[in-house]
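**Q** Here is a sequence with its predicted model. Questions after.
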Amino acid sequence: MIPSNRNIVCQSPFVSFGIIFLWIFASKFFSATLVLDERRQRDNRRECMCCLTRKNDLEEDEDASKYGGWIVQIFRNVHAPLLLSKAGKAIVLLAFSGLLGFGIYGA
């Protein structure tokens, strides 16, 4: 580990918590954005103006399940349903509300 980073991480648990939080936030935000974009595409909505719809359906690839590999299957069959379930939404809201509260308390 770089000496300057070691001092920051070892002396301040808040800094290490912040680094971990940013990594988790980025991974969750990215996957949630992908899920929302997939919904938009399936509803035949435009990219920038989501309230407008396309007249022609998107062509579905019959062999789409074989493309993407195992990580796509995990995101499609496990990760997205967990995030979109009522319990998953409640957990995400509670976690980020708690982080917001800790941030306000710390400031």
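**A** Cool, got the structure. Owing to the predicted nature of the structure, the values given are computational and were not obtained by experimental measurement.

**Q** and the closest residue to Leu34 other than its chain neighbours, how many neighbours?
**A** If the residues on either side of it in the chain are set aside, Leu34 comes closest to Phe75, at 7.4 Å by C-beta to C-beta, 6 or more residues apart in numbering. Every residue, glycine included, has its C-beta placed from N, CA and C. Other residues near Phe75 come to 17 when the count uses other C-beta atoms under 10 Å.

**Q** do you know how far the closest residue to Thr53 other than its chain neighbours is from Gly88?
**A** Leaving aside its sequence neighbours, Thr53 sits nearest to Asn44 (C-beta to C-beta, 6+ apart; 5.0 Å). Distance of Asn44 to Gly88, computed by C-beta to C-beta, to the nearest Å: 26 Å.

**Q** State the mean pLDDT of the one helix or strand Tyr105 maps to.
**A** For Tyr105, the host element (DSSP states H and E) is helix 86-106. What helix 86-106 shows for mean pLDDT is 92.

**Q** With stretch 40-57 instead?
**A** On average, stretch 40-57 scores 75.

**Q** pull the CA atoms of it into CSV?
**A** The C-alpha trace of stretch 40-57 is given here as CSV (Å, rounded to 0.1, in the frame of the first residue of the first chain):
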residue,chain,number,x,y,z
ARG,A,40,-37.1,2.0,-21.4
GLN,A,41,-36.0,0.0,-24.4
ARG,A,42,-38.7,-2.7,-23.9
ASP,A,43,-41.4,0.0,-23.6
ASN,A,44,-40.2,1.5,-27.0
ARG,A,45,-39.4,4.8,-25.5
ARG,A,46,-36.8,7.3,-26.9
GLU,A,47,-33.5,7.9,-25.3
CYS,A,48,-33.6,11.6,-24.4
MET,A,49,-37.3,12.2,-24.5
CYS,A,50,-38.7,9.3,-22.5
CYS,A,51,-42.3,10.4,-22.9
LEU,A,52,-42.2,9.8,-26.7
THR,A,53,-42.6,6.2,-27.9
ARG,A,54,-41.4,4.5,-31.1
LYS,A,55,-43.9,3.3,-33.6
ASN,A,56,-42.0,0.2,-34.5
ASP,A,57,-41.1,-2.5,-31.9
